[in-house]
Structure formats: C-alpha cells, structure tokens
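>>> What shape does this take:
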Amino acid sequence: MSMCRVTVYAASSQALDGHYISAAHRLGQVLARAGFEIVYGGGAHGLMGAMADAALAEGGEVHGVIPEFLTHVECGHQKLASLEVVPDMHTRKSRMLERSDAVIALPGGCGTFEELFEAMTLKRLGQFLGPIILVNTNRYYDTMMQMLRHSVQERFMNRIHLRMWRLVDEPEQVPDALGEAPKWSASRIKQAAVTGEVS
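Have a look, this model is predicted:
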C-alpha cells in the first residue's frame, strides 16, 4: 500500500513523563525522514508540539487543524505548512481524516481516545480503510487492548475487528507497521454487526 499522508493523534498535556515526550519527538523524526505528510491537532505543546517540532526540523510537511474555541486557551503551532481553524471538534476530526492514508496514535487522554475510537468505528463500518497504529510507549495501551479483547469475548465485536489496529513499542517501528498492515475493504461493513458465532 502506498501512503503519503498520515494523521497523528497526540496529547497536548505539558505535565508528561519524559519518555512520552521523547517518543513523540522520535515519531516526528521518523515520519518526516520517511517522507510522510503529517496532519495533527495543531497544538504547540505536549506530545503534539514535540512531534510537530521534530518533523519540521527534519524538513517534514506538517498541517494542523484546531477548533476556533481552543485558540483562546492554547496556542496553535505557528510554524506549520498550514494551520486550519475550524468551527468545532466534529469538524476537526473530519478534516484530520480527510485524504489520510493512515492513523497513528501516541498516548493521550480522553480526546485522543475519542479520536482513536472514532477511527476504529469508521474502519469497522468500512468508511476508513487505512492502517491504525498505536505507539505503545511505557505499555500505555495494554489495558485498552485488554478491554477490546474482552469486548470480543463478550460478543460486542467480532474477532476480525482485532485486526483493525496494530501496536508497536517504539516510534521507529511505525513505518514498517504501516507497510505490513492487513488490507481492509469497505465490504467489512458486512461483519460490523455481531450475530451468532464471533468470527
């Protein structure tokens, strides 16, 4: 699969352990060096800022999307190729996924979770077909994966849905994970509902 534009979900918190900041910085470097165009939430701080700054330092093309109301409480990154100000969070999420070939999620809070689960849901319904990669710094996403496996066991999801995403331990593994991701078809909507045996 040939990919050129990736969406990165990341936190804006400035109170994070250095391991998370380092991983975000390395992800920005890796993506820029691999020639990916990046779209993200447009922030200048936290994991958002670390990832964007590193990508820009490597000559990467980085685009931000930020809701207008957030510009009053946090600073949008001023050195991006573009920073689009949109009316609301719903529009932001839609813009970030438009024309994107893949989704990458760094650790984050409820905002990152919401974005990630929306991408997963759209993929389950055959509306987004690209790879979804989670960067599992400090094993951050382990408990989420346990919950999702439990959802399959309890028949809220089909077993095939566990193939919608892939975890990597280090940012440097992301390009290979993108290239090796199983192909996903819009016809998967036929398996969106769970009926009878879990497939």
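>>> now I66, what's its secondary structure?
strand (DSSP: H, G, I helix; E, B strand; the rest coil).
>>> Please report how far it lies from H90.
Per C-beta to C-beta, to the nearest Å, I66 is found 13 Å from H90. Yep, even glycine has a C-beta here, placed from its N, CA and C like the rest.
>>> Those two: which has the busier surroundings?
I66 (24 against 11; other C-beta atoms under 10 Å).
>>> Need the nearest residue in space to that one, chain neighbours excluded.
Spatially, and ignoring its direct neighbours in sequence, I66 is nearest to G42 (3.6 Å; C-beta to C-beta, 6 or more residues apart in numbering).
>>> which residues sit in contact with K123?
Under the criterion of C-beta atoms under 8 Å, 6 or more residues apart in numbering, the neighbours of K123 are 129-130, 132, 164, 184, 188.
>>> Just among those residues, which is most surrounded?
I132 (23 neighbours).
>>> Touching, that residue and F117? I think so.
No: judged on C-beta atoms under 8 Å, I132 makes no contact with F117 at a distance of 10.3 Å.
>>> And K79, how far from A52?
Relative to A52, and taking C-beta to C-beta, K79 is found at 8 Å.
>>> Give me the more crowded residue out of the two.
A52 (29 against 12).
>>> That one in helix, strand or coil?
From three-state DSSP, the assignment for A52 is helix.
>>> My guess is it contacts Q78. True?
No: using C-beta under 8 Å, A52 is not in contact with Q78, being 10.6 Å away.
>>> Which secondary structure element is home to E114?
helix 110-124 (DSSP states H and E).
>>> following that helix, which helix or strand comes up?
strand 132-135.
>>> right, and the helix or strand after that following strand?
Next element after strand 132-135 (DSSP H and E): helix 142-153.
>>> which residues in the protein form helices?
18-33, 46-57, 89-97, 110-124, 142-153, 174-180 (DSSP state H).
>>> Which stretch among those helices is buried most, on average?
helix 46-57 (a mean of 24; mean count of other C-beta atoms under 10 Å).
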